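S.K.: no sequence on hand, only this structure:
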């Protein structure tokens, strides 16, 4: 009889597969539209990121929504252009500003905020939320 040794990586990937299956099942039960874009939007806002088992040498990437209530020694906020961190209407400007603030306050020691002058050949402006901090009236 052959004794098969279970690879710890297999158990890790089995757990991830099960978590995805649970997330998809939950989405399908709670939404009428089952397209990929709707699922990804729901997933980034509703599903918490599993970071409890992260070691100190691991980089965790997540949306600001998923980062609420958590802090890290170093936080990188990427893409701080004016058309990012903004919801669809001007009425949501206050909420967009709050989300930008939430992202900034996740850093315990170091916050790195980046922005691009050009993306795909198109000129970009610095986020107005960041601009307000750097260049107050």
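M.R.: Right, received. Where do you want to start? Just so you know, these numbers come straight off a predicted model, no measurement behind them. Numbers count the residues shown, from 1 in each chain.

S.K.: and stretch 66-73, what's buried?
M.R.: 66-67, 72 (16 or more other C-beta atoms under 10 Å). Any C-beta I mention is one placed from the backbone N, CA and C, and that applies to glycine too.

S.K.: where does this structure have low pLDDT?
M.R.: 1-6, 44-57, 86-91, 137 (pLDDT under 70).

S.K.: one more pass at 50, please.
M.R.: Counting by pLDDT under 50, the ranges of the chain that qualify are 3, 53.

S.K.: so which residue is dead centre in it?
M.R.: Centrality entry for the chain: nearest residue to the mean C-alpha point is residue 63, 1.4 Å, by C-alpha atoms, centre = their mean.

S.K.: look up how far residue 43 lies from residue 28.
M.R.: 12 Å (C-beta to C-beta, to the nearest Å).

S.K.: the more surrounded of these two?
M.R.: Comparing residue 28 with residue 43 by other C-beta atoms under 10 Å, the one with more neighbours is residue 43, at 16 against 11.

S.K.: number of residues surrounding the residue nearest to residue 123 when sequence neighbours are not counted?
M.R.: Leaving aside its sequence neighbours, residue 123 sits nearest to residue 117 (C-beta to C-beta, 6 or more residues apart in numbering; 6.9 Å). For residue 117, the neighbour count with other C-beta under 10 Å is 9.
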